[in-house]
Every structure is written in C-alpha cells, then in structure tokens.
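Engineer: got a predicted structure plus its sequence, pasted below:
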Amino acid sequence: MDQKQIEALKRVLTEWNPLGNYASTITDLDNYDTEATDIIFHASPEDSPDRIIKLTIQVLEEAFEFRIETSRIGEFRERIVAIIKKN
C-alpha cells in the first residue's frame, strides 16, 4: 500500500470534510486516516471514476454511520480519482 497515496487522500478528505459539523463529534477521526487507508486498499487504478467515488462514499458512510451528501463533493471528485489512478 502506498503511504504517499494515503497521505494525499487524507489531505483531500480533510479539506472536503464530508462529515461537515458532524466531524466534531468523532473523537478518533485522525484526519480520515483509517478511511483513506480503506479506500486505497479497495480501489484500483483500473476502476472507473464513478466506481472510485461510489467506493469512497461507501467507506465513509459505513465508517461513520452517516449519510454523505454527494452533492458536496464538487472539485474533490477529480482529486480523489486522480489519487487512485496515480497508483
């Protein structure tokens, strides 16, 4: 597993902050470290952009038992896909 990819994805997830205000209630968020690791582990550079984003949302929703507003992904979509495709 590529630690540089994990760190890059953590930065994007932290900047996006898909949990919004709910993030402040998570005591072990750690800049989305576990979630970024899970996404990198399960995603493949061969996956379509839609599949990568679907997987990202799924990992986040399962981790936090919280519905992610996909409409808020905006510019972060391209950045997430680029990180996964860079492998």
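Structural biologist: Nice, thanks for sending it over. Numbers count the residues shown, from 1 in each chain.

Engineer: shaky segments in this protein?
Structural biologist: In the predicted model, the chain carries pLDDT under 70 at residues 1, 87.

Engineer: next secondary structure after the lengthiest helix in it?
Structural biologist: Ordering each helix of the chain by length in residues (DSSP state H) puts helix 49-64 first. Counting by DSSP states H and E, the element after helix 49-64 in chain order, helix or strand, is helix 76-85.

Engineer: which elements pack onto that next one?
Structural biologist: With contacts defined as 3 or more C-beta pairs under 8 Å, 6 or more residues apart in numbering; DSSP states H and E, the packing partners of helix 76-85 are helix 3-16, helix 49-64. Just so you know, the C-beta spots here come from the backbone N, C-alpha and C atoms, and that holds for glycine as well.

Engineer: roughly how far does the residue nearest to Leu13 when sequence neighbours are not counted sit from Ile80?
Structural biologist: With C-beta to C-beta, 6 or more residues apart in numbering as the criterion, Leu13 has its nearest non-adjacent residue at 3.9 Å, and that residue is Tyr32. With distances taken as C-beta to C-beta, to the nearest Å, Tyr32 is found 11 Å from Ile80.

Engineer: more neighbours: those two, which one.
Structural biologist: Neighbours were tallied for Tyr32 and for Ile80 using other C-beta atoms under 10 Å; the higher tally belongs to Tyr32 (27 against 24).

Engineer: and Thr70, how many neighbours?
Structural biologist: The number of residues packed near Thr70 is 13, by other C-beta under 10 Å.
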